[in-house]
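Student: sequence and predicted structure below; questions after.
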Amino acid sequence: MSAYWVSRVHVTEPETYGKYVDLAGPAIEKHGGVFLARGGRQVILEGGEFERSIVARFPSVEAAVACYNSPEYSEARKYTVGTAVRHMVAVEGLD
């Protein structure tokens, strides 16, 4: 069953966070992830002022969690510390 990463992000240091963006994409793709939305235009209907929203589809919750814990994505995550406030969840789809 498919699973999705859903992230809301408020970037506080764009230059350093950009390094995360550069590394995260290839790490996610390596683990079977496909971006469905990545920081495009959005309209906030409820909740905080997070200027970036990301949705990525994975083959399963296990694949999504494995990607998050992978060496490649862990390297990318280093560039989020102190550069962004992020809320992120892996959720199973309905297929």
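Tutor: Done, it's in.
Student: sticking with residue 42, tell me its helix or strand.
Tutor: For residue 42, there is no enclosing helix or strand under DSSP states H and E.
Student: helix or strand right after the top helix by length along the chain?
Tutor: As assigned by DSSP state H, the longest helix anywhere in the chain is helix 14-30. Sequence-wise, the next helix or strand downstream of helix 14-30 (DSSP H and E) is strand 34-38.
Student: list the contacts of that following strand.
Tutor: By CB atoms under 8 Å, 6 or more residues apart in numbering, the residues outside strand 34-38 that reach it are 4, 25, 28, 53, 54, 55, 56, 57, 58. C-beta here means a position set from N, CA and C on the backbone, and glycine is covered the same way.
Student: my read: the first one touches residue 54, true?
Tutor: In other words, residue 4. No - using CB atoms under 8 Å, residue 4 is not in contact with residue 54; the gap is 10.0 Å.
Student: before we move on, the earlier item: from the contacts of strand 34-38, list the buried ones, please.
Tutor: For those, a burial check counting by 16 or more other CB atoms under 10 Å picks out 4, 28, 53, 54, 56, 57, 58.
Student: confirm the fourth one sits in a strand?
Tutor: Translated: residue 54. Yes - assessed with DSSP: H, G, I helix; E, B strand; the rest coil, residue 54 lies in a strand.
Student: and the gap between it and residue 88?
Tutor: From residue 54 across to residue 88, the span is 8 Å (CB to CB, to the nearest Å).
Student: between those two, which contacts overlap?
Tutor: The contact sets of residue 54 and residue 88 overlap at 5, 6, 7 (CB under 8 Å, 6+ apart).
Student: buried ones in the helix or strand containing the second one?
Tutor: Per DSSP H and E: residue 6 is located in strand 3-11. With burial defined by 16+ other CB under 10 Å, the residues of strand 3-11 counted as buried are 3, 4, 5, 7, 8, 9, 11.
Student: same thing with stretch 44-52?
Tutor: 50, 52.
Student: what do you get for stretch 23-35?
Tutor: Result for stretch 23-35 [16+ other CB under 10 Å]: buried residues 23, 24, 27, 28, 31, 33.
Student: next, the closest residue in space to the first one that isn't next to it in sequence: secondary structure please.
Tutor: The shortest distance from residue 23 to any non-neighbouring residue, by CB to CB, 6 or more residues apart in numbering, is to residue 76 (3.6 Å). For residue 76, the secondary-structure state derived from three-state DSSP is helix.
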